[in-house]
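Engineer: Sequence first, predicted coordinates after that:
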Amino acid sequence: MWSREMGEKNVEAFAGCNNAYYSANAVLFGAPFDSTCSYRAGTRTAAKTMRSESMYGIETYSPYQDRDLSEIAVFDGGDLELGFGNPEPALDEIENFTTKLIQDAKIPIMLGGEHLVTLGAVRAIVKQYPDLHVIHFDAHTDLRDEFCGAKLSHATVLRRVWELTGDQKIYQFGIRSGDKREFDWSKDHVMMQKFTFEGLDQVIKDLRGKPVYFTLDLDVLDTSVFPGTGTPEPGGVSFMELLDAVQKVCGLNIVGCDLVELSPPCDQSGASTIVACKILRELLLALCK
């Protein structure tokens with residue numbers, strides 16, 4: 001992890017994200033935690049793997065946006081040092097680090113890790129932005145009140161986020177898996193679009209000027225595109241559909257975002273890691289105008 005006091009550069013950074021901390025508009029950092037994964041673990045290695053693969057597997061130039069990562073100012077702070085087992089200390093560390101970034105007027109961009117890490121970042125951001133809205137791309141509802149007796153899980157993370165934001169502040173897209181009780185509960189508390197991004201354009205219009213946290217679970221993608229995740233769900237969106245949706249969302253007042261649930265060990269071909277790297281590149285370019 002980089003020196004927070006000195007703002008020293010990270011030794012290994014995501015491609016094109018090697019700007020100095022104090023000159024950067026956004027800060028990329030890893031949250032290597034997957035202790036509550038309910039199926040296949042491995043997301044703790046995602047951020048480090050993405051950094052390494054990005055140096056050889058993708059270009060810094062995007063033909064989709066005709067922009068280059070060299071044109072924006074992003075600092076890659078490396079990975080946080082998070083313990084395994086008990087999620088609360090890990091969430092506290094994420095919250096504290098995110099708070100520092102907000103205080104330094106940086107946009108926090110977190111790489112998971114499992115989806116529970118989102119809660120730590122939102123805990124920090126909602127204190128600064130009480131009217132926070134959340135856009136959530138995912139295959140799963142993540143709205144359980146508890147999972148196997150635990151309140152803190154990647155299966156409960158959006159329920160915990162709802163406790164911070166309140167009703168009708170969470171907008172979910174691509175959802176295609178969950179307990180029936182989650183779907184029933186969602187009808188009165190969140191806006192959920194099953195299977196697709198239909199309705200996203202209207203949500204974008206409604207949220208203009210409002211603070212938005214964007215959480216992107218990569219398993220929203222179809223398993224044919226992205227098999228390298230802990231809980232794969234067939235029937236997801238295509239790469240181009242996700243790319244279009246990401247660019248639209250990043251036109252809003254994004255005050256924080258994350259990209260989670262890549263599990264490199266679940267796809268030995270490495271293709272899922274490259275997909276994640278390209279989505280991150282496009283997100284950074286769309287976000288940092």
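Structural biologist: Thanks, I have the structure now.
Engineer: Please count neighbours and contacts with C-alpha atoms only from this point.
Structural biologist: OK.
Engineer: Mind giving me the packing neighbours of the particular helix or strand that has residue 172 in it?
Structural biologist: Element membership for residue 172, per DSSP states H and E: strand 170-175. The contact analysis (3 or more CA pairs under 8 Å, 6 or more residues apart in numbering; DSSP states H and E) places strand 170-175 against strand 133-137, strand 191-194.
Engineer: any idea which of the ones you listed is most buried?
Structural biologist: strand 133-137 (a mean of 24; mean count of other CA atoms under 10 Å).
Engineer: from the chain's centre, how far out does that one sit?
Structural biologist: Averaging C-alpha positions (CA atoms, centre = their mean, to the nearest Å) puts strand 133-137 10 Å from its chain's average.
Engineer: for stretch 102-112, same thing?
Structural biologist: Chain-centre distance of stretch 102-112: 12 Å, with CA atoms, centre = their mean.
Engineer: List of residues touching it?
Structural biologist: With contact meaning CA atoms under 8 Å, 6 or more residues apart in numbering, stretch 102-112 is reached by 24-33, 43-44, 46-47, 98, 101, 125, 254-262.
Engineer: Turn the buried ones among the residues you listed into a named PyMOL selection, would you?
Structural biologist: Buried members of the contacts of stretch 102-112 can be picked out in PyMOL with the line below, counting by 16 or more other CA atoms under 10 Å:
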select buried, resi 24+25+26+27+28+29+30+31+32+33+43+44+46+47+98+101+125+254+255+256+257+258+259+260+261+262
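Engineer: Point out the ones among the contacts of stretch 102-112 that are inside strands.
Structural biologist: 26-31, 254-260 (DSSP state E).
Engineer: Now render the residues you listed as CSV, adding pLDDT and distance to residue 168.
Structural biologist: Formatted as CSV, these follow (pLDDT from 0 to 100; distance: CA to CA, whole Å):
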residue, pLDDT, distance to residue 168
26, 98, 28
27, 98, 29
28, 98, 29
29, 98, 29
30, 98, 29
31, 97, 28
254, 98, 18
255, 98, 18
256, 98, 19
257, 98, 19
258, 98, 21
259, 98, 22
260, 98, 23
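Engineer: Most widely separated two among the residues you listed?
Structural biologist: For these, the farthest-apart pair by CA to CA is 31 and 254; their separation is 19.4 Å.
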